[in-house]
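A.B. asks: Turn this into a structure:
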Amino acid sequence: MASYAVNDRAVARARKLIEGRRYVLDSDWGDVQPSAGDQNAFLESHSWDDYAEWHLGLTEGAADETKARYAFVYGDFRRLHRSGIIACHYLLQLLDATSA
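C.D. replies: Numbering: from 1, shown residues only. Model prediction:
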């Protein structure tokens, strides 16, 4: 089973998005979660560091600059989605408790 660490930079970005009111409160995460194609398109015009900031978890042991490294996406690469945060919520509690 994979183990994860909290991506502090992604948490900081999420906070900035919330403070800047760049969020969606009511969405169906299954419909708005970035697809593999969306992820590839984002990576064509952004850095891996930018991509990483949209993922709340880092897969331990996975190589940097691979999709396998980044887990728990919380937005659509433009805005934070409340439904994305909810999808990660319980996992984040476990990550926070484990990394403390």
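A.B. asks: show me where the protein has strands.
C.D. replies: 4-6, 23-24, 55-59, 70-73, 80-81 (DSSP state E).
A.B. asks: Mind giving me the packing neighbours of whichever helix in the chain runs longest?
C.D. replies: Across the chain, the helix with the greatest residue count (assigned by DSSP state H) is helix 82-99. If contacts are counted by 3 or more CB pairs under 8 Å, 6 or more residues apart in numbering; DSSP states H and E, helix 82-99 sits against strand 4-6, strand 23-24, helix 29-32, strand 55-59, strand 70-73. (Each C-beta comes from the backbone N, C-alpha and C, glycine too.)
A.B. asks: S47: which of the ones you listed is closest?
C.D. replies: S47 lies closest, by CB to CB, to one member of the helices and strands packed on helix 82-99: strand 70-73, at 12.6 Å.
A.B. asks: what's the least confident helix or strand in the chain, going by average pLDDT?
C.D. replies: Here the helix or strand of the chain ranked lowest by mean pLDDT, DSSP states H and E is helix 82-99, holding a mean of 81.
A.B. asks: Can you tell me the centre-most residue of this protein?
C.D. replies: Nearest to the mean C-alpha position of the chain, by CA atoms, centre = their mean, lies H55 at 2.1 Å.
A.B. asks: Roughly how far does that one sit from D26?
C.D. replies: Noted for H55: a distance of 22 Å to D26, by CB to CB, to the nearest Å.
A.B. asks: Thanks a lot, catch you later.
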